[in-house]
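**Q** have a look at this prediction, sequence included:
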Amino acid sequence: MGNVFSDATESLYLSNGGTAVFVNVLMLAVSDLVDDEWDYRFASLLSLQDQNMMGRGAVGFDLRDIAWGTTDSERVRSKEFVLRATALALSGHRWSELDYEPPFARDYLRQFQAMVESFEPTGEVRRAGDFPGADERAVASCALHRILSALPYWEGCFLCTEPP
């Protein structure tokens, strides 16, 4: 069982463990780069990929289901944010805070980066409601780890909720 992150032409299929690693390293970068409402909505989407909360093998998303923006400039800015966050994660940003070594994370991130680079966002969303709305954005940050989370609904960030 695993999870799929995809677009119209490509898919990144990850095992449950691979998904956790991919989301964790990307969330560390996203948490440090958020600057705009859309960024916080994307952070919320990532926090919803936490299998400890949502269930193993029950997460993943399609780039076509993300509301990238209604104007060309909004879509360009949103895509650039995801690419900057992915590049920051690829640099190993904050990986020392993990209690494990993520050996395949760079491969996952490179595949995701290539998928996002080739994806052309439009104003249309394939499945409305899959991308968190403005009122669902991740604005809470774990005080201990400085990682955005879906608080107040959950007890903490992914580092707080990982099983021992």
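**A** Looks like it came in fine.
**Q** list the contacts for Val125?
**A** Applying C-beta atoms under 8 Å, 6 or more residues apart in numbering, we find Val125 in contact with Arg64, Asp65, Ile66, Ala67, Phe131. For the C-beta atoms, the positions are set from N, CA and C on the backbone; glycine is no exception.
**Q** kindly indicate which of the residues you listed lies nearest Glu124.
**A** Arg64 (8.3 Å; C-beta to C-beta).
**Q** about what we covered before: can you pick the most crowded of the contacts of Val125?
**A** Most neighbours among the contacts of Val125, by other C-beta atoms under 10 Å: Ile66, with 25 neighbours.
**Q** tell me the confidence at it?
**A** Note on Ile66: pLDDT of 90.
**Q** can you tell me the closest non-neighbouring residue to it?
**A** Leaving out its chain neighbours, the residue that sits closest to Ile66 by C-beta to C-beta, 6 or more residues apart in numbering is Phe131, at 4.8 Å.
**Q** surely that neighbour touches Leu63?
**A** No: judged on C-beta atoms under 8 Å, Phe131 makes no contact with Leu63 at a distance of 10.2 Å.
**Q** tell me where the model's unsure across the chain.
**A** For the chain, the stretches with pLDDT under 70 are 1-3, 50-60, 126-129, 132-148, 150-164.
**Q** the strands in it, which residues?
**A** Using DSSP state E, the strands of the chain run over 2-6, 11-15, 140-141, 148-149.
**Q** could you pull out the helices for this protein?
**A** For the chain, the helices defined by DSSP state H occupy 16-33, 37-47, 51-54, 72-90, 105-118, 158-161.
**Q** now mean neighbour count and distance to Glu10 too, for the ones you listed, in JSON lines please.
**A** What follows is the helices of the chain, written out as JSON lines (neighbours: other C-beta atoms under 10 Å; distance: least, C-beta to C-beta, whole Å):
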{"stretch": "helix 16-33", "mean neighbour count": "22", "distance to Glu10": "15"}
{"stretch": "helix 37-47", "mean neighbour count": "22", "distance to Glu10": "18"}
{"stretch": "helix 51-54", "mean neighbour count": "15", "distance to Glu10": "22"}
{"stretch": "helix 72-90", "mean neighbour count": "17", "distance to Glu10": "15"}
{"stretch": "helix 105-118", "mean neighbour count": "17", "distance to Glu10": "5"}
{"stretch": "helix 158-161", "mean neighbour count": "18", "distance to Glu10": "25"}
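**Q** all set, thanks.
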